[in-house]
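Student: Give me the fold of what follows.
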Amino acid sequence: MSANLDLVRSLYADWERGDWSAPLTWAHPEIELVVAHGPDASSSKGLAEMVAGYREFLSTWDDLRTEAQEYRELDDERVPVYVHKSGRARGSGIEVGQLTGTRDGANLFVIREGKVVEIVLYWSRDRALADLGLGPEGGSHAP
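Tutor: Below is the predicted model of the structure:
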């Protein structure tokens with residue numbers, strides 16, 4: 001297992017328990033956080049903006065959970081994680097699957113020199129696979 005895969009697995013070990021308090025030593029100072037599509041599409045750059053973006057994002061959900069189902073390594077920098085999401089939109093109570101059309105998403109981590117430089121959050125796994133060239137729209141088969 002590579003150092004990049006170990007790093008991403010360690011992040012999910014904390015996050016799946018709902019622990020968001022670990023120091024951001026894993027993140028590059030100019031990290032970019034992208035919510036690729038969906039109801040909260042956005043982008044932020046830098047640690048402070050990423051933290052603020054995550055707080056704002058999480059504040060719109062009740063009991064939002066993301067469970068890693070599979071970790072992949074595409075190359076020396078990119079580690080997609082296929083995830084299952086659950087939770088309800090705050091206020092409306094609409095479930096993740098109703099709002100986004102699916103509960104299966106993906107998160108892409110781009111890592112350089114041991115630091116995460118970009119995280120791309122995908123509500124739809126199919127959209128992630130297509131963007132990464134792994135789905136039917138991208139010309140190859142899904143893993």
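
Student: how about the nearest residue to Leu129, chain neighbours excluded?
Tutor: Nearest non-adjacent residue to Leu129, counting by Cβ to Cβ, 6 or more residues apart in numbering: Gly135, 3.2 Å away. Bear in mind the C-beta positions are built from the backbone N, C-alpha and C, glycine included.

Student: Pretty sure that neighbour sits against Asp126.
Tutor: Yes - the criterion here is Cβ atoms under 8 Å, and Gly135 meets it with Asp126 at 5.9 Å.

Student: any idea where the helices of the protein begin and end?
Tutor: Residue ranges of the helices in the chain, as given by DSSP state H, are 3-15, 47-59, 96-100, 125-131.

Student: Out of these, indicate the one that is most buried.
Tutor: Mean neighbours per residue, mean count of other Cβ atoms under 10 Å, is largest over the helices of the chain for helix 125-131, with a mean of 20.

Student: what number of residues lie near the residue nearest to Leu129?
Tutor: 18 (other Cβ atoms under 10 Å).

Student: Ile94 now?
Tutor: 14.

Student: Can you give me every residue that contacts it?
Tutor: Shown in contact with Ile94 (Cβ atoms under 8 Å, 6 or more residues apart in numbering): Arg88.

Student: Can you give me the distance of Ala27 to Tyr82?
Tutor: Shown here: Ala27 relative to Tyr82, a distance of 22 Å by Cβ to Cβ, to the nearest Å.

Student: Same check on His28?
Tutor: 24 Å.

Student: Poorly predicted segments of the chain, please.
Tutor: Within the chain, the ranges that satisfy pLDDT under 70 run 1, 39, 136-143.

Student: Recalculate using a threshold of 90.
Tutor: The chain contains residues with pLDDT under 90 at 1, 13-23, 35-43, 50-66, 85-103, 123-124, 134-143.

Student: Tell me what the spatially most central residue of it is bridged to.
Tutor: Central residue check for the chain by Cα atoms, centre = their mean: the C-alpha nearest the mean position is that of Asn107, 3.0 Å away. Beta-bridge partners for Asn107, by DSSP bridges, are Val81, Leu121.
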